[in-house]
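Visitor: Predicted structure and sequence below. I'll ask about it afterward.
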Amino acid sequence: MRKFDNMVFIRKASAVLGAMALLVTGAAQAQSVAPVGGATPHAPPITPEQVATMQNDMETALHYKLAPDVLPRLSATLRAIQAANIQPPGHVGMSLDQQIALVGQVPGLAAILKAHGLDARSFVMSLTCVGLTGSLLNIPPGQGSAQMPVPDAANVAILKNNPQALHELVGVLQQGVSTTGSGTQVN
């Protein structure tokens with residue numbers, strides 16, 4: 001039963017990581033994974049190696065130390081990225097290291113990140129940490145399993161103590177998904 005609970009959580013967390021990647025990349029990629037002709041997409045089977053990578057990435061992201069001012073800086077960064085019509089890359093199933101490497105290759109993105117006190121690693125790690133931590137905080141009491149990872153207490157405090165900034169970040173991310181356009185992207 002524990003292994004099953006752990007696999008269910010890994011699949012859910014994978015969906016969260018994938019959703020974060022899609023939120024960052026914008027509508028162009030989100031539309032490319034939409035069902036065609038009413039078909040329901042099925043997740044490809046997860047290999048044991050992918051499970052191990054996802055577990056490691058979740059633990060790494062959940063214990064990444066967020067800066068106290070990360071939420072407004074992420075919002076401002078994402079607005080600047082959207083204004084520049086840049087679409088950072090990201091694909092469902094990518095590891096954090098792969099996402100970081102691809103974000104680092106996007107023309108014009110490094111300067112925007114630097115202007116907001118970020119680099120490719122801190123940008124991806126912060127967004128992923130906020131997404132996973134927020135998702136875990138939204139699980140109703142008693143519905144989680146003993147196998148679920150526990151987010152860093154300081155990161156939980158940042159999210160709980162800054163609900164308006166978190167709400168603003170979610171709004172900026174949602175706006176990015178609803179925005180269309182070709183933008184600059186590296187695949």
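Guide: That came in fine, so what should we check first?
Visitor: When you work out contacts or count neighbours from here on, use the C-alpha atoms and nothing else.
Guide: Noted.
Visitor: Downstream of the particular helix or strand that has Ala157 in it, the next helix or strand is which one?
Guide: For Ala157, the host element (DSSP states H and E) is helix 153-161. Using DSSP H and E, the helix or strand that follows helix 153-161 towards the C-terminus is helix 163-178.
Visitor: List the buried residues in that next one.
Guide: Neighbour counts over helix 163-178 (16 or more other C-alpha atoms under 10 Å) mark Ala165, Leu166, Glu168, Leu169, Val170, Val172, Leu173, Gln175, Gly176, Val177 as buried.
Visitor: quick check: angle from the strand or helix carrying Ile81 to helix 163-178?
Guide: In this assignment (DSSP H and E), Ile81 forms part of helix 70-83. Put simply, helix 70-83 runs at 20 degrees to helix 163-178, going by axes from the mean of the first three to the mean of the last three C-alpha atoms, to 10 degrees.
Visitor: Now do helix 70-83: which elements does it pack against?
Guide: In this structure, helix 70-83 makes packing contacts with helix 109-115, helix 120-137, helix 163-178, judged by 3 or more C-alpha pairs under 8 Å, 6 or more residues apart in numbering; DSSP states H and E.
Visitor: Quick one: mean pLDDT over the second one.
Guide: Per-residue pLDDT values over helix 120-137 give a mean of 94.
Visitor: cool, the first one as well?
Guide: Confidence over helix 109-115, taken as the mean pLDDT, stands at 96.
Visitor: any residues touching that helix, and which ones?
Guide: Thr77, Ala80, Ile81, Ile86, Pro88, Val103, Gly104, Asp119, Ala120, Phe123 (C-alpha atoms under 8 Å, 6 or more residues apart in numbering).
Visitor: which one of the residues you listed is nearest Lys160?
Guide: Phe123 (20.3 Å; C-alpha to C-alpha).
Visitor: Distance of the closest one relative to Gln147?
Guide: According to C-alpha to C-alpha, to the nearest Å, Phe123 and Gln147 sit 28 Å apart.
Visitor: just for this protein, where's the confidence low?
Guide: 1-44, 88-92, 177-187 (pLDDT under 70).
Visitor: 50 instead?
Guide: Low-confidence segments of the chain, defined by pLDDT under 50: 1-38, 180-187.
Visitor: Please tell me I have it right and Leu132 contacts Leu62.
Guide: Yes: at 6.7 Å, Leu132 and Leu62 qualify as touching, with contact defined as C-alpha atoms under 8 Å.
Visitor: And the two? Which one has more around it.
Guide: Neighbour totals were compared for Leu132 and Leu62, and Leu62 leads with 26 against 23 (other C-alpha atoms under 10 Å).
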